[in-house]
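Chemist: Predicted model and sequence below, questions to follow.
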Amino acid sequence: MLRPLILMFILFSGKLTAQEASHPSIWYDQFTARDHFTSQLLNIMATRDYGVIWDSLSDQYISAMPKRLTYLPFANQTIEVKMTEVDYRDEYQLQKWELFSPERMDSIFQLGKQVGEVTLKYDELGRLISSDEKLKPKSTYKSRREFIIHYLESDSGSVINMELWSREFYWFARYQSSYAGNFMYRPLRKRSVWKSYNQFDKNGLMSKHISTSASKLNQREGSLPGNYIYDFTWDEKGRLLSESYESVNEEKTKVIAQSSKTRDFSMERDSVLFPLLQVPSIALWINNNFDKKDLNLIEYTGGFKGKSGTFLEHKQHDKLLYLDTNVTPRQVLYQTLIDSNSIYRAVFQIVGHPSVLDTTPYDPDYKSHVIDTRYTQCSIETINSRPPGLIDATKADGFKRSILPLNGGWSMALYQRGASDYPSTRFSVGYPPFIRLDVLNDEYLILDSEGVIRYVGSHQKLAKVN
């Protein structure tokens, strides 16, 4: 069955429910089709051990990759994708959501300029098996990228093989000639292939990831082919125990290993070791919001991918704190807030910690309320009343997903992100942070009454599913 799908061409920073969150800045949810363009698939292809989600049925973490590659509403179908750009004046009219109707969206879409197309194919289980993307020429450039995916099952686990074939052509590419250092221009044709082998154990956790790549420029070999091998082991809850990394090419072999140790969390014992846990606001936030049996301290060693250090983690909310035994190094607080229609994920970097003599700690009964809304050309900032127990952060990043009602029983999934504008941000753990969400970063899905993706958009991008 052929169904035309017209979608935007952007890189989503997807969001999801807190129960599924596995990373503070890269979220994904049940609307997985938005990740199935060839460009976004690169993120899934490179996802390894940190791409895990909590599975309540098996009471453990499992790999997120199989779910991210599946969208059940498109099972056993071929989907045609058209990517368009819209004028900023049309986008302004589009975002008058109180006037929403499918007909109005479609009329604005017709004014857009087509910039590319993608063909998506799904098997009977709703798993993506190919994504073929063609970008229309802009000036002197055009490209085609084809993604092919194979799924294999066995008694010991499963395997997902991915292949990405890329062909790019520049009519006049600028390069530096070896003759007198002059810059020259010539046609340039680049062809590359990237293959990814992903093996999963019977518990749904990745045990091995192998990545290989090679390229040619105008029929000549390009950069050195690379081979990257990752091996993982996990505990009974799907938490990382060890990770080894091996890089092999024609010049050298590099091996890095990392391990982790997980133990139960005790506020009485661990607050002595980690000064950040002595802050009254943070201590009360942990005591009032989390069951201690769901908390663990995970100590990473080896320093691979910047994972050296100690994290306080919740089995569903993932990271809560990055801790240090000293008071001056960078420490991080991860916060997830949930209300009736939205999920807010914030990340705060803290250097040092507030005075432990603070007498106005976090108040679990405090009711925050909106006191002001500030509008600028590129943002809308909501100012809430300031609860007691404020903490100073050197940097703050926010990621929010909201589900909002539209006319006719339709709805919108709105994805927002932003960062603090000030060298120091004061926040109260457990309450909405003061972070400006830039509207230029907004991404949205328009869902019909059945919850299926019908329209997609971002800044000057528009999409439609017929």
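Modeler: Sure, I can see it.

Chemist: How about the secondary structure of the closest residue to residue 111 other than its chain neighbours?
Modeler: Nearest residue to residue 111 in three dimensions, chain neighbours excluded: residue 90, at 5.3 Å (CB to CB, 6 or more residues apart in numbering). C-beta: built from backbone N, CA, C; applies to glycine. When classified by DSSP: H, G, I helix; E, B strand; the rest coil, residue 90 comes out as helix.

Chemist: what's the spacing between residue 90 and residue 320?
Modeler: Taking CB to CB, to the nearest Å as the measure, residue 90 falls 43 Å from residue 320.

Chemist: okay, those two: which has more neighbours?
Modeler: The residue with more neighbours, out of residue 90 and residue 320, is residue 320; 23 against 18, by other CB atoms under 10 Å.

Chemist: quick one: that one from residue 345, how far?
Modeler: Using CB to CB, one gets 12 Å for the distance from residue 320 to residue 345.

Chemist: Now do the shared contacts for those two.
Modeler: Residues touching both residue 320 and residue 345 (CB atoms under 8 Å, 6 or more residues apart in numbering) are residue 334.

Chemist: which ones are touching residue 452?
Modeler: Going by CB under 8 Å, 6+ apart, residue 452 touches 73, 465.

Chemist: Try it again at 6 Å.
Modeler: Going by CB atoms under 6 Å, 6 or more residues apart in numbering, residue 452 touches residue 73.

Chemist: Quick one: name whatever helix or strand follows the helix or strand of the chain with the lowest mean pLDDT.
Modeler: Counting by mean pLDDT, DSSP states H and E, the chain has its least confident helix or strand at strand 2-6, which shows a mean of 35. Using DSSP states H and E, the helix or strand that directly follows strand 2-6 along the chain is helix 38-45.

Chemist: Paired strands for the next helix or strand along the chain from that following helix, with orientation please.
Modeler: Toward the C-terminus, helix 38-45 is succeeded by strand 52-55 as the next helix or strand (DSSP H and E). Sheet pairing for strand 52-55, assigned by DSSP bridges, gives strand 60-63 (antiparallel).

Chemist: Report the distance from the partner strand to the chain centre.
Modeler: Chain-centre distance of strand 60-63: 17 Å, with CA atoms, centre = their mean, to the nearest Å.

Chemist: Using PDB, write out the CA atom coordinates for that strand.
Modeler: Extracted in PDB, the C-alpha atoms of strand 60-63 (Å, rounded to 0.1, in the frame of the first residue of the first chain):
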ATOM      1  CA  GLN A  60      15.100  -3.800  33.700                       C
ATOM      2  CA  TYR A  61      16.800  -1.600  31.000                       C
ATOM      3  CA  ILE A  62      16.700  -2.800  27.400                       C
ATOM      4  CA  SER A  63      18.200  -1.300  24.200                       C
END
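
Chemist: what about it, average pLDDT?
Modeler: Averaged across strand 60-63, pLDDT comes to 83.

Chemist: separation between residue 326 and residue 199?
Modeler: Per CB to CB, residue 326 is found 40 Å from residue 199.

Chemist: higher neighbour count, the two?
Modeler: Counted by other CB under 10 Å, residue 326 and residue 199 do not tie: residue 199 has more neighbours, with 18 against 9.

Chemist: beta partners of the more buried one?
Modeler: Per DSSP bridges, the residues bridged to residue 199 are residue 159, residue 208.

Chemist: With residue 348 instead?
Modeler: For residue 348, the beta-bridge partners are residue 333, residue 396 (DSSP bridges).

Chemist: Let me see the contact set for it.
Modeler: Residue 348 is in contact with 333, 393, 396, counting by CB under 6 Å, 6+ apart.

Chemist: starting at the chain centroid, how far to the top helix by length along the chain?
Modeler: Identified as the longest helix of the chain according to DSSP state H is helix 280-289. The chain centroid and the centroid of helix 280-289 are separated by 28 Å, computed with CA atoms, centre = their mean.

Chemist: Same check on stretch 385-405?
Modeler: Centroid separation for stretch 385-405 versus its chain: 19 Å, with CA atoms, centre = their mean.

Chemist: List the contacts of it.
Modeler: Residues contacting stretch 385-405 (CB under 6 Å, 6+ apart): 15, 281, 341-351, 354, 360-363, 366, 368-369, 371, 411-420, 424-428, 431, 433, 435.

Chemist: Filter those residues down to the buried ones.
Modeler: Listed as buried from those are 15, 281, 342-350, 354, 361-363, 411-418, 420, 425, 427-428, 431, 433, 435; burial here means 16 or more other CB atoms under 10 Å.

Chemist: what helix or strand does residue 229 sit in?
Modeler: strand 226-234.

Chemist: Just the mean pLDDT for that strand, thanks.
Modeler: Strand 226-234 shows a mean pLDDT of 83.

Chemist: Can you mark which positions in it are buried?
Modeler: 227, 228, 229, 230, 231, 232, 234.

Chemist: so where's the stretch 351-466 of the chain shaky on pLDDT?
Modeler: The stretch 351-466 of the chain contains residues with pLDDT under 70 at 352-364, 376-381, 386-389, 421-423.

Chemist: Apply 50 and report the result again.
Modeler: 357, 359 (pLDDT under 50).

Chemist: need the helices for it, in chain order.
Modeler: Secondary structure of the stretch 351-466 of the chain (DSSP state H, counting those that start in this stretch): no helices present.

Chemist: Show the residue spans covered by the strands in it.
Modeler: Ranges of strands within the stretch 351-466 of the chain are 370-375, 379-384, 391-393, 395-405, 411-419, 425-427, 436-438, 443-447, 453-458, 461-465, based on DSSP state E, counting those that start in this stretch.
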